[in-house]
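K.L.:
all I have is the shape, not the residue letters:
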């Protein structure tokens, strides 16, 4: 094989790492408890699921991840993420009249490495949409294991959020204060979390996936006059077809 053929093969191989992959189509339903005072105990949601995955690229309704560097030491990816707004002001009478929150778009970077039986993941995100102008770092460790057609993953970690992002969730400005809603501004804080998921392979192309999470709110959240719970629980269930 000539040198030109070698270069062509290497180029094709690198291109395939990005573009040679599979699509996923399906639907996902979610239930999340609300920590907000006077709000319904649970928020129900549902979304169509559409994603593309290759060795280096993930694009889906849950965000974008592009693995730009990888080696025996791990991998580095760039991220794009949409953060859903935390509440609507009609979710509770204690939230009415607060300044409007909207969705935010965030970008960042992540580092992943196999460590022992699982994988360590560290990521950093910051708002580029100007909605909250905050930052978040998250360090997690997850262990996968297989049993027949079931694939499990369990783990947890801790998030750090700066004051701008925390205030996106819990701030009450002085001009929004009332007799039943004191003004409040949060500092930066750490939020521990636990995560678990299970996937069942129905067929070679179809899979059912469920996940559960618990996020523990620190005093910087629970001291706010609009927060009444100190744990947020989440459950999701999805049916995905891969092709």
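P.N.:
Cool, got the structure. Model, not experiment: these values are computed from the prediction. Numbers count the residues shown, from 1 in each chain.

K.L.:
what is the end-to-end distance of stretch 63-83?
P.N.:
Length of stretch 63-83, first residue to last, Cα to Cα, to the nearest Å: 10 Å.

K.L.:
in this protein, which spans are strands?
P.N.:
Here the chain has its strands, by DSSP state E, at 21-33, 42-54, 57-60, 63-71, 74-83, 104-115, 118-127, 135-147, 150-161, 189-201, 206-216, 231-242.

K.L.:
which of these is buried the deepest?
P.N.:
Most buried of these, by mean neighbour count (mean count of other Cβ atoms under 10 Å): strand 118-127, with a mean of 18. Every C-beta, even on glycine, is put in place using the N, C-alpha and C of the backbone.

K.L.:
chain center to it: distance?
P.N.:
10 Å (Cα atoms, centre = their mean, to the nearest Å).

K.L.:
before we move on, what about stretch 86-102?
P.N.:
The answer for stretch 86-102 is 22 Å, by Cα atoms, centre = their mean.

K.L.:
same question for stretch 91-107.
P.N.:
For stretch 91-107, the distance to the chain centre is 18 Å (Cα atoms, centre = their mean).

K.L.:
for stretch 178-190, same thing?
P.N.:
Remark: stretch 178-190 is offset 25 Å from the chain centroid, using Cα atoms, centre = their mean.

K.L.:
number the residues from 36 up from this point.
P.N.:
Yep, numbering from 36; the last one is stretch 213-225 now.

K.L.:
just the mean pLDDT for that stretch, thanks.
P.N.:
In this model, stretch 213-225 carries a mean pLDDT of 98.

K.L.:
ends of that stretch, how far apart?
P.N.:
End-to-end distance of stretch 213-225: 28 Å, with Cα to Cα as the criterion.

K.L.:
kindly provide the distance from residue 124 to residue 248.
P.N.:
26 Å (Cβ to Cβ, to the nearest Å).

K.L.:
kindly report the same for residue 81.
P.N.:
Separation of residue 81 from residue 248 (Cβ to Cβ): 17 Å.

K.L.:
and if you look at residue 62?
P.N.:
Taking Cβ to Cβ, one finds residue 62 at 19 Å from residue 248.

K.L.:
residue 102 now?
P.N.:
24 Å.

K.L.:
so where is this structure shaky, pLDDT-wise?
P.N.:
Where the chain drops to pLDDT under 70, the residues are 36-47.

K.L.:
geometric centre of it: which residue is closest?
P.N.:
residue 97 (7.2 Å; Cα atoms, centre = their mean).

K.L.:
nearest residue to it in space, please, no chain neighbours.
P.N.:
Spatial nearest neighbour of residue 97, chain neighbours left out: residue 86 (7.4 Å); criterion: Cβ to Cβ, 6 or more residues apart in numbering.

K.L.:
contacting residues around the one you found?
P.N.:
Residues in contact with residue 86 (Cβ atoms under 8 Å, 6 or more residues apart in numbering) are 58-59, 93-97.

K.L.:
what do you get if the cut-off is 10 Å, keeping everything else the same?
P.N.:
Counting by Cβ atoms under 10 Å, 6 or more residues apart in numbering, residue 86 touches 56-61, 93-98, 275, 277.

K.L.:
and what of residue 218?
P.N.:
By Cβ under 10 Å, 6+ apart, residue 218 lies in contact with 206-212, 259-260.

K.L.:
which of those sit farthest apart?
P.N.:
Taking Cβ to Cβ, the two most distant members of these are 210 and 259; they sit 16.2 Å apart.

K.L.:
who's more crowded, the two?
P.N.:
Neighbour count, other Cβ atoms under 10 Å: between residue 210 and residue 259, residue 259 has more, with 25 against 8.
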